[in-house]
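Chemist: Okay, structure incoming, though there's no sequence with it:
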């Protein structure tokens, strides 16, 4: 890699806004907020809206969409087209 052209890749703590779960990973993102982590070090803290702890697909709370009802609603509204 060429020196001086890549962003700084450093440890960062992400926090889920809805569940409060935090995890330490590496990222190029920066923040003015910091948090003291379990290992005694201080890391930048980034708050995100959705993580695997709160995403409906991963938590099993995903709702199924009634596609048959959508087709029927479309046909009622616009009618079936004759060719």
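Modeler: Yep, that arrived. Keep in mind it's a predicted model, so treat the numbers as computed, not measured.
Chemist: Quick test: name the residue nearest the centre of this protein.
Modeler: residue 50 (3.7 Å; C-alpha atoms, centre = their mean).
Chemist: Could you identify the longest helix within the chain?
Modeler: helix 67-78 (DSSP state H).
Chemist: Find out how far that one is from the centre of the chain, if you would.
Modeler: Helix 67-78 has its C-alpha centroid displaced from the chain centroid by 32 Å (C-alpha atoms, centre = their mean, to the nearest Å).
Chemist: Show residues contacting it.
Modeler: Helix 67-78 has contacts (C-beta atoms under 8 Å, 6 or more residues apart in numbering) with no other residue. For glycine as for every other residue, the C-beta is placed from the backbone atoms N, C-alpha and C.
Chemist: Equivalent analysis for stretch 32-40, please.
Modeler: Contacts for stretch 32-40 (C-beta under 8 Å, 6+ apart): 13, 15, 22, 24, 42-47.
Chemist: buried stuff in it?
Modeler: residue 35 (16 or more other C-beta atoms under 10 Å).
Chemist: before we move on, what about stretch 13-27?
Modeler: 13-16, 22, 27.
Chemist: my hunch is that residue 45 is in a strand, does that hold up?
Modeler: Yes: assigned with DSSP: H, G, I helix; E, B strand; the rest coil, residue 45 falls within a strand.
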